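**Student:** give me a model of this one.
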Amino acid sequence: MRFVMGSEAAAAGGGYTPERYHEMLEQAVYAEEVGFSAFPNSEQHFNPEISMTSAPEVLRGYLAAKTSTMRLRVASFPLLTFNHPLKVAEKAATLDVISNGRIEIGTARSNNPRTLKAFE
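**Tutor:** Numbers count the residues shown, from 1 in each chain. I've put the predicted structure just below:
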C-alpha cells in the first residue's frame, strides 16, 4: 500500500501568506521521511479559498533538491492559452531530469471562472 500526502497551500480563512508555502514544503519533506510515496498539488490561479499553488513547477524544483524517493506530482497543469502543451512538457522534462525521474504530471481544463476570465 502507498500513501500520498498533498496540499494546495490554502491558508486559514483564504488568502496568501508566505509562511504557508514554507509550511507546505516542510510538510512534504517530512512526509517523505515518514514513508509517504508521493506529494501532489495542482496549478491554481485566483482561487485563494482553496489553493495558492500558482507555480507548482517551482515547488517541485525545491522538493526535488530536498527529497530523494518521493514521487513529485503536479496533479494538473491547465492546458489553456497561457500553458501551451509543449511548454508544460518542457517544464516537466526538466524537472524529471533534476529529480532523477520522480516527476508525474496531469493535465486539466480550468473550471475556475476567475482563471478563465483573467487569462482569456
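**Student:** and the helices in this protein?
**Tutor:** 18-33, 56-66, 85-98, 113-119 (DSSP state H).
**Student:** how far does the longest strand seen in the chain sit from the chain's center?
**Tutor:** The longest strand of the chain (DSSP state E) is strand 71-78. Its chain's C-alpha centre and that of strand 71-78 lie 6 Å apart, by CA atoms, centre = their mean, to the nearest Å.
**Student:** how about stretch 78-94?
**Tutor:** 14 Å.
**Student:** what does that stretch rub up against?
**Tutor:** Applying CB atoms under 8 Å, 6 or more residues apart in numbering, the contact partners of stretch 78-94 are 43, 57, 74, 77, 103, 105, 107-110, 115-116, 119-120. Where C-beta positions appear, they are placed from N, C-alpha and C, glycine not excepted.
**Student:** go again using 6 Å as the cut-off
**Tutor:** With CB atoms under 6 Å, 6 or more residues apart in numbering as the test, stretch 78-94 has contacts from Glu43, Glu57, Phe77, Ile103, Ile105, Thr107, Ala108, Ser110, Phe119.
**Student:** mind listing what the fourth one touches?
**Tutor:** For Ile103, the contacting residues are Leu72, Ala92, Leu95, Asp96, taking CB under 6 Å, 6+ apart as the criterion.
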